[in-house]
Each structure stands twice: as structure tokens, then as C-alpha cells.
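In: Next one to model:
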Amino acid sequence: MQTTPTLDILNRLLDGTVNSVVQYAEIGAPFVPEGFDEQMDAFQRIADEEKNLANEVVAMIQDRDGVPTVGVFRFWNVDLNYLDIRFMAKFAVQHEGILIADLEAGLDSLTNDPEAHGVVRRAIEQKREHLVKLTEIASDY
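Out: Here you go, the predicted structure:
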């Protein structure tokens, strides 16, 4: 399997997006307290944006003759099913912060690939926006 610094960071972005707490929460059937439908809708919009980003990153990896690689969900051994959406948002904030720091650390390795650099830069900005929204959702918890 071919690997380059560009493919490495694109695969880290893909893994962190596909294996995000937000993506897991979508299948984990979170508890949504009465009156929190708007917050749940915002959570769902974040999940949808992550799916779109993941599809874009997969295409970029394949365009560079790479293999999209996703590991195991980082918190596979933690029961996150049916938990309050506010708790899940708080937990997601921690996860996203780690991913953002990892992506920022690898951004300089993409200077020879302006397209990948742009996508990763945009992903970082999008994930920062998600952090703000997730923090708002978690603020009542």
C-alpha cells in the first residue's frame, strides 16, 4: 500500500471524521430531553457535514492512488448508547479538539499539495465551527 505524508494526513482526517463521537451518536440513539429538538437538529447537521467531508476525503485519497483507511472507533469499549445528547456533545468536544490539534500539526506536510492543503484547512475550520455548536449544546449539562 502506497503511503505519503499527504495520504497519511488525509487518512487521519478520514478516520477522525468517520469515527467521530457525532457519527457514533447517530447510531447510539441518544436521549433528547424535552425541548431539545433544535439542539438535536444541530447535532444532525454536524453529522451530515461530516459525512460530506468524509466522501470528499475518500475521493481525494483515491485520486492520489491511495487506499482510504479507517481504524476502529476510538471509544469502542465505552457504552455510549442512549446517553443524553448534551453529554454526547460534551464528549464530542473533547474528541474534536484532539483531531483538530492532530490536523493542525500535519498541515505543513501538505505544502506540496495545494488541493489537499485546502481541504484539510477547510476541515479544520469546519471542525472549529462544530466545536462552538457542540459546546453550546453541552452547556446545559
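In: packing partners for the helix or strand containing Arg86?
Out: If you go by DSSP states H and E, Arg86 is part of helix 85-106. Judged by 3 or more C-beta pairs under 8 Å, 6 or more residues apart in numbering; DSSP states H and E, the packing partners of helix 85-106 are helix 5-18, helix 21-27, helix 37-63, helix 114-138. (Glycine included, C-beta is placed from N, CA and C.)
In: which of the ones you listed has the lowest average pLDDT?
Out: Ranked on mean pLDDT, the bottom entry among the helices and strands packed on helix 85-106 is helix 21-27, at a mean of 89.
In: Alpha carbons of it, as CSV, please.
Out: Below are the C-alpha coordinates for helix 21-27, written out as CSV (Å, rounded to 0.1, in the frame of the first residue of the first chain):
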residue,chain,number,x,y,z
VAL,A,21,-18.4,10.8,18.5
VAL,A,22,-21.0,12.7,16.5
GLN,A,23,-21.2,9.9,13.9
TYR,A,24,-21.4,7.3,16.7
ALA,A,25,-24.2,9.2,18.4
GLU,A,26,-26.3,8.9,15.3
ILE,A,27,-26.5,5.1,15.7
